[in-house]
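Participant: sequence-free structure coming up:
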């Protein structure tokens, strides 16, 4: 495991939900650094390419581009020499789970995010980042 603290990008179009996720992540994974929070899929792709975080938390339904479409666009544009970030979808819609896992998601969280469930996600992410 790397000695450098992992960094994350949150893509969530509702500011209150983005803030709640950040708060839950601080409690569940204190060493995780939130590199940026964006409110739409296009910005998610741009910021992920610029910041190259270790973890992505993408909402599914966002303005401009869905989280699923953003993940595909990001995978296509990601530098070949860099490992692709661990991807977690955080959404209120359970019907996109199969598509999310086809997009190589590490996990799929339903809103509102529950602390115990987020702990399981953090465990999966820690293993993925080893």
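Facilitator: Arrived safely. Computed from a prediction, not measured in an experiment: that's the story for all the values here.
Participant: where along the protein do the strands fall?
Facilitator: Taking DSSP state E to define them, one finds strands in the chain at 7-11, 33-38, 55-58, 86-91, 107-110.
Participant: ok, which of those strands comes nearest residue 130?
Facilitator: Closest of those to residue 130 is strand 86-91, at 10.8 Å (criterion: Cβ to Cβ). C-beta coordinates here come from the backbone N, C-alpha and C atoms, glycine included.
Participant: include mean pLDDT when you put the strands of the chain into a markdown table, please.
Facilitator: Listed next are the strands of the chain as a markdown table, based on pLDDT from 0 to 100:
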| stretch | mean pLDDT |
| --- | --- |
| strand 7-11 | 98 |
| strand 33-38 | 98 |
| strand 55-58 | 98 |
| strand 86-91 | 97 |
| strand 107-110 | 96 |
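Participant: any chance of the ones you listed in JSON lines, plus mean neighbour count?
Facilitator: Compiled in JSON lines, these are given as follows (neighbours: other Cβ atoms under 10 Å):
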{"stretch": "strand 7-11", "mean neighbour count": "24"}
{"stretch": "strand 33-38", "mean neighbour count": "18"}
{"stretch": "strand 55-58", "mean neighbour count": "26"}
{"stretch": "strand 86-91", "mean neighbour count": "24"}
{"stretch": "strand 107-110", "mean neighbour count": "18"}
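Participant: can you list the ones you listed in JSON lines and add distance to residue 98?
Facilitator: JSON lines is the format used below for the strands of the chain (distance: least, Cβ to Cβ, whole Å):
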{"stretch": "strand 7-11", "distance to residue 98": "20"}
{"stretch": "strand 33-38", "distance to residue 98": "25"}
{"stretch": "strand 55-58", "distance to residue 98": "16"}
{"stretch": "strand 86-91", "distance to residue 98": "11"}
{"stretch": "strand 107-110", "distance to residue 98": "9"}
